[in-house]
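Colleague: Predicted model and sequence follow; I will ask about them next.
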Amino acid sequence: MSTRKSLVVIGNGMVGHRFVQAAIERGLTETFDITVVGEEPRPAYDRVALTSFFDVGAEQLSFLPSGAYDDPRVRLVLDVPVAAIDRDTKSIALGTGEVVSYDIAVLATGAAPFVPPVPGKDLDNVFVYRTIEDLEAIREASGTARAGAVIGGGLLGLEAANALHQLGIETHVVEMAPRLMAVQVDDAGGATLKRHIESLGLSVHTGVMTERIEGTDTVTGLRFQDHDAALPVDLVVFSAGIRPRDQLARDCGLDVAERGGVLVDEKLRTSDPAIHAIGECAAVAGRMYGLVAPGYQMAEIVADTLVNEASAAVFEGADMSTKLKLLGVDVASFGDAFATTEGALELVFADAVAGVYKKLVVSSEGDRLLGGILVGDASAYGVLRPMVSSGMALPDNPEELILPAAREGGAARIGMPDEAVVCSCNNISKGSICDTIDAEGCADLPCVKACTRAGTVCGSCVPIVKNLLAERLEAAGKTVSKGICEHFDLTRQELFDVIAVHGFQRFDDIVTAHGRGRGCDVCKPAVASILASQFNGHVLDRTTANLQDTNDAYLANIQRNGTYSVVPRIPGGEITADKLIVIGEVARDFDLYTKITGGQRIDLLGARVEQLPQIWRRLVDAGFESGHAYGKSLRTVKSCVGSSWCRFGVQDSVQMAIDLELRYRGLRSPHKLKGGVSGCARECAEARGKDFGVIATEKGWNLYVCGNGGAIPAHAQLLASDLTGAELVRYLDRFLMYYIRTADRLQRTSTWLGTIDGGLDRVREIVVEDTLGLGAELEAEMARHVDSYFDEWKGTLEDEEKLSRFVSFVNAPDVPDPSISFGTSRGQISPAVAGGPVSLGTSIPVGAPAAAEVGAR
């Protein structure tokens, strides 16, 4: 007679899957046969990263790509709902009619989207945002939709808005509260977030109540209370919160909380000791926890309890801190973010221009951190949040933790006690990580992540985990490699010097002399960039072509559907009517999507790889050059109209921008470079948000350096003032070449500046004061670049060998890729299937890598 028991898990979401993993790891399958019943048609996947489905596809999100658990004693049943639980017979009836007996049952049914009772909610093109199937339906509907609205401005609502925005739909966010993310951020943080989102082209409507969805069969509009006109939309997504899925528990007579959720004790046991509940369906002492981290903690506790109840932990609540990137904006909230603690004080740093808002909540004595809010720059979150949980003392000047200088170390310099939780998703402390590094002999980040699970869910703790690893290795007397990758023990700067000294021009020679192996997708593009910076050869020359990443390899940026962009250079943003007509004719003749960029040029998107030479031949013949939008090189030098037209302009900013862009065009660098020139202090060209910015004065030009926009914006800082044109060019030559020499791979100028001892003052000594005597050498290097410049696309069109790579299928060069198709949106083409992988079929595609590769770049 078998003594094995039966354990049934109802739900195969993230928390249910974590429980099964924990059960296998703890040896529960030695005594239990486990049956996992999932209602969705696919096994567990990363719902936290749901929006990335459009970029990477379902398989990349899956926790079980094989469709089964490795342990044969775990049976996975998918696409089957549970009909009922019979507690008297300890059996579970499935929707297929099968009945499964249990000794222990675990409810992990999660939560369902809340759809308020708004008239029109049942019309076609009204969706919720919860599963991959929901996203597939939204994507299909987006093919014919012009505008869409997301009802709900919380975490999931903004994720849903991001999805619509990615699909090319005019997007509106509708929130009843007076601010976005009302649970996580305060009014000032919400205002900063709103400005960020609106700058991306989305419309935000806060403080409004949806009265009804209009339409007969399909959505035509959204009507707000106390508003005369309806908002014209043809697609609506509800993301107005979630509700625990507790109907199975109610039907079988389990106790439920007053506001929903299966009532459980601190061991996650329901009112029936044979049934546990975990995740969003569980209500511990009546409270539901809607984040994945508390659910994971619950799963671990139940697994431990089933192994040895006496030694198992209890659930005492959870850290509800959150850090995520919403529409490219970092947002974090932790601890007592709203200063509800008696006597709590607030320290606030706000930079409306840079779009950064930071608030720390400290104790009345100012010696303990209680919580905080970070919007626009959440780089300090990894250190600040553990300070709350550990109760460690604040430094004498706590404001340094959130001032801009803290980005390069103010917060990071604060030590953490061993009990501080580093990874809140998996509840992993600093001490546990350090002990594991020592015990397992971990020498790299993948080992630490595999052994501890730290950094494997949201990834926000990865920087601090890397720092802990480096500290432990150094403390143990082990060498911490600063090499660019496993094939080189040299940094990028050292590689740059080696190539310069020895004159290497082939990767094979470099790796033979100073590395090992065959190289990888880290070191090969880095070496290609260095070779281009020093010798300015064509990136598609035989010796370097196989080193390039996807974009450089085809002199164009690959898009989500395997097509490419065409971006001709428009120096300073100035263009003649004739050239505008040429661009329009090319876009019309090749049916390309056109958009004016923030860098004052025109994007043409949707070109198939085999069309690129035909398109560029037309553009080159008309006098255009490559805009290098695909390369880590100079992109644009933006300008205002300056003194030629503007009544406030004091210098000719357009001519200066054109001169600088033509001087530095094609300059390969560790990361992309952008410039700007403003004709007066009104700063219409936004020069202080660029890697180098020039602002006109009555006496000449002010030069600013090391700024950037993006997810973590940085203001450029004043390097020199009231310069003549010749002085400006001389200092810029030196600055750019010094950056190219000394920066790490993929390091923007703002981050590079923070790694230099002495910061901007040291850069000024080297560039302006020439204290190292490098000035003439740096200027000569730039002069060599200027003298040797050529247009890469013109050079490609003149070389049949280079042209031969521009085909979809190497063995069928005249056949276009059949997997690429288009729909229409706002009168232009749009990708018909976003994020789908390219089918190889029976041919060999060389011009369109898989979607997973695209998403990783």
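Modeller: Here it is on my side, so go on.
Colleague: Could you check how many residues crowd around Leu7?
Modeller: Neighbourhood size, Leu7 [other CB atoms under 10 Å]: 24. Where C-beta positions appear, they are placed from N, C-alpha and C, glycine not excepted.
Colleague: For it, give the beta-bridge partners.
Modeller: Here Leu7 sits in beta bridges with Ile34, Ile104, going by DSSP bridges.
Colleague: what about it, distance to Gly67?
Modeller: 20 Å (CB to CB, to the nearest Å).
Colleague: Check Gly382 too.
Modeller: In terms of CB to CB, Gly382 sits 35 Å off from Gly67.
Colleague: same check, this time on Leu732
Modeller: Here Leu732 is placed at a distance of 57 Å from Gly67 (CB to CB).
Colleague: of these two, who's got more company?
Modeller: Leu732 (23 against 10).
Colleague: Give the helix, strand or coil label for the more buried one.
Modeller: Classification of Leu732 using DSSP: H, G, I helix; E, B strand; the rest coil returns helix.
Colleague: so what's Phe127 up against?
Modeller: Listed by CB atoms under 8 Å, 6 or more residues apart in numbering, the contact set of Phe127 reads 134, 137-138, 141, 235-238.
Colleague: How about Gly355, nearest residue that isn't a chain neighbour?
Modeller: What sits nearest to Gly355 in space, not counting adjacent residues and going by CB to CB, 6 or more residues apart in numbering, is Gly376, at 4.6 Å.
Colleague: Need the phi and psi values for the closest residue to Leu107 other than its chain neighbours.
Modeller: What sits nearest to Leu107 in space, not counting adjacent residues and going by CB to CB, 6+ apart, is Ala277, at 4.2 Å. Main-chain dihedrals, Ala277, degrees, to the nearest 10: phi -140, psi 140.
Colleague: Run through the residues that contact Ala277.
Modeller: 106-108, 249, 262, 264, 268, 270.
Colleague: Relative to Gly13, how far out is it?
Modeller: Noted for Ala277: a distance of 13 Å to Gly13, by CB to CB.
Colleague: do Leu634 as well
Modeller: Here Leu634 is placed at a distance of 47 Å from Gly13 (CB to CB).
Colleague: Give me the helices and strands touching the helix or strand where His205 lies, please.
Modeller: Using DSSP states H and E, His205 sits within strand 203-206. Judged by 3 or more CB pairs under 8 Å, 6 or more residues apart in numbering; DSSP states H and E, the packing partners of strand 203-206 are strand 170-175, helix 187-199.
Colleague: and the closest residue to Ala22 other than its chain neighbours, which of the three is it?
Modeller: Nearest non-adjacent residue to Ala22, counting by CB to CB, 6+ apart: Ala303, 3.7 Å away. Under three-state DSSP, Ala303 falls in the helix class.
Colleague: count of neighbours near Ala303?
Modeller: By the criterion of other CB under 10 Å, Ala303 has 24 neighbours.
Colleague: in the chain, which ranges drop under the pLDDT threshold?
Modeller: Residue ranges of the chain with pLDDT under 70: 1-2, 404-417, 458-460, 462-463, 479-481, 542-550, 710-712, 809-813, 833-857.
Colleague: And the strands in the stretch 501-650 of the chain, which stretches?
Modeller: Here the stretch 501-650 of the chain has its strands, by DSSP state E, counting those that start in this stretch, at 564-566, 593-596, 602-607, 634-639.
Colleague: what's the following helix or strand after the last one?
Modeller: What it means is strand 634-639. Next along from strand 634-639, by DSSP H and E: helix 653-664.
Colleague: which residues touch that next one?
Modeller: Under CB under 8 Å, 6+ apart, the answer for helix 653-664 is 569, 571-574, 634, 636-644, 673, 675-679, 685, 694, 696, 701, 725, 728-729, 732, 736, 786.
Colleague: 7 Å instead, please
Modeller: The contact list for helix 653-664 (CB atoms under 7 Å, 6 or more residues apart in numbering) reads 571-572, 574, 634, 636-642, 644, 675, 677-679, 685, 694, 696, 736, 786.
Colleague: ChimeraX command for the buried members of these?
Modeller: Those of the contacts of helix 653-664 that count as buried under 16 or more other CB atoms under 10 Å are selected in ChimeraX with:
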select :571,572,634,636,637,638,639,640,641,642,675,677,678,679,685,694,696,736
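Colleague: out of the strands of the stretch 501-650 of the chain, which comes closest to Asp228?
Modeller: When the strands of the stretch 501-650 of the chain are compared by CB to CB, strand 593-596 sits nearest Asp228, at 32.8 Å.
Colleague: Buried ones in that closest one, by neighbour count?
Modeller: Result for strand 593-596 [16+ other CB under 10 Å]: buried residues 593-594.
Colleague: Could you list every helix and strand in contact with that strand?
Modeller: For strand 593-596, the elements it packs on are strand 602-607, strand 828-831, judged by 3 or more CB pairs under 7 Å, 6 or more residues apart in numbering; DSSP states H and E.
Colleague: Point out the most buried one among those.
Modeller: Mean neighbour counts were compared across the helices and strands packed on strand 593-596 using mean count of other CB atoms under 10 Å; the top stretch is strand 602-607, at a mean of 22.
Colleague: how about the strands in the stretch 751-857 of the chain?
Modeller: Counting by DSSP E, counting those that start in this stretch, the strands of the stretch 751-857 of the chain are 822-825, 828-831.
Colleague: Export those strands to CSV and append columns for distance to Ile658.
Modeller: Below are the strands of the stretch 751-857 of the chain laid out as CSV (distance: least, CB to CB, whole Å):
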stretch, distance to Ile658
strand 822-825, 34
strand 828-831, 30
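Colleague: which residues does Gly431 contact?
Modeller: By CB under 7 Å, 6+ apart, the neighbours of Gly431 are 418-419.
Colleague: Show me which positions of whatever helix or strand it lives in end up buried.
Modeller: In this structure, Gly431 is located in helix 430-440 according to DSSP H and E. For helix 430-440, burial by neighbour count (16+ other CB under 10 Å) applies to 430, 432-434, 436-437.
Colleague: what's the answer for stretch 694-701, then?
Modeller: 694-696, 700-701.
Colleague: Just put those residues in CSV and tack on secondary structure.
Modeller: Formatted as CSV, those follow (three-state DSSP):
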residue, secondary structure
Val694, strand
Ile695, strand
Ala696, strand
Gly700, coil
Trp701, strand
